[in-house]
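Participant: Predicted model follows, preceded by the sequence.
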Amino acid sequence: MSHGNQFTLYAHKGGPNPWKVAFLLNELGLSYESIYLDFESGEHNAPEYLKINPNGRVPAIIDHKNNDFIVWESGAILLYLVEKYDVEKKYFATSEADRYAVLQWLFFQVSGQGPYYGQAAWFSYFHAEKLPSAIERYHKEIKRVLGVLESVLSKQQWLAAGKFTIADLAFVTWNDGLSRFFGDRFDFEKEFPATYNWHQRIRAVPGVKAGFDLKKELSGH
C-alpha cells in the first residue's frame, strides 16, 4: 500500500500532546496525515487502535518509509524524529552534556508538566464531583512547574543547548491552555515573565504557529 504521506499521526483535535508531534513534523518538513480519533465514541480504545498503541492514548505515529514503524508516547516520538530525521540536530543537541540537558527537560515535561496539568483539567472540568482540595492541589502544582521554568528562563533564553530544541517545544501546548485553568485570576506575563516571553518565542516558530492556527480552525474558535 503506497502512502502519499510519510507519516500517519494519530491525534486529537483538542488534546495537547499530539500537537507537539505535528509542530515538529511541520518544522522538519516531513509529510503526514493526521487522523483525529473521536474519544466520545471510544475510537482510542477500539481494537484496531490498540494494535497501534496498547495504551489507547494519542499521539502515535506510523513511519511508512521505515517499514511502517510505530512509535507512541509524545516524548518518544519527538526523540525518534530528531534522531532519525533532524540530520543537522537543529532541534536536538550534539554534545553529551547538551543531549542530557535536552532529555532532562523533556522527561520533566512528560512526567511533571503534562500529568499535573492534565489532572488539573480533569478535576476542573470532567470529574463527576467538584473537589476543591484536588483542584487546589493541581493548581499549585501548575504554579510550581512554572516556577521551575521561571528560575531557569530568567537566566537564559532556552532550556537547553543554548537554542530552541524539542525540550522547549514539548512545553508549549500545555502552557498555552493556562487561562482555562485560572481564568482572569492569573496573569501569566506578570507572574512568570521570563516563562511567558519564552512561550511567545516558541509560539512564533513557523511550524508551531502553523499547528496552532490549524488547531484553532479545527476547534472552531
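Facilitator: Structure's in. What do you need?

Participant: Give me the buried positions along the helix ranked longest in the chain.
Facilitator: If you go by DSSP state H, the chain has its longest helix at helix 132-153. Within helix 132-153, the residues that count as buried by 16 or more other CB atoms under 10 Å are 134-135, 138-139, 141-143, 145-146, 149-150, 153. Bear in mind the C-beta positions are built from the backbone N, C-alpha and C, glycine included.

Participant: Now do the strands for this structure: every range, in order, please.
Facilitator: Along the chain, counting by DSSP state E, strands occupy 7-11, 32-36, 60-63, 69-72.

Participant: Just send those back as a markdown table, with distance to V205 too.
Facilitator: Below are these laid out as a markdown table (distance: least, CB to CB, whole Å):
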| stretch | distance to V205 |
| --- | --- |
| strand 7-11 | 18 |
| strand 32-36 | 17 |
| strand 60-63 | 20 |
| strand 69-72 | 22 |
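
Participant: Can you tell me which of the ones you listed is nearest to L25?
Facilitator: For L25, the closest of the strands of the chain is strand 32-36, at 5.0 Å, according to CB to CB.

Participant: helices or strands up against the closest one?
Facilitator: Under the contact criterion of 3 or more CB pairs under 8 Å, 6 or more residues apart in numbering; DSSP states H and E, strand 32-36 touches strand 7-11, helix 16-28.
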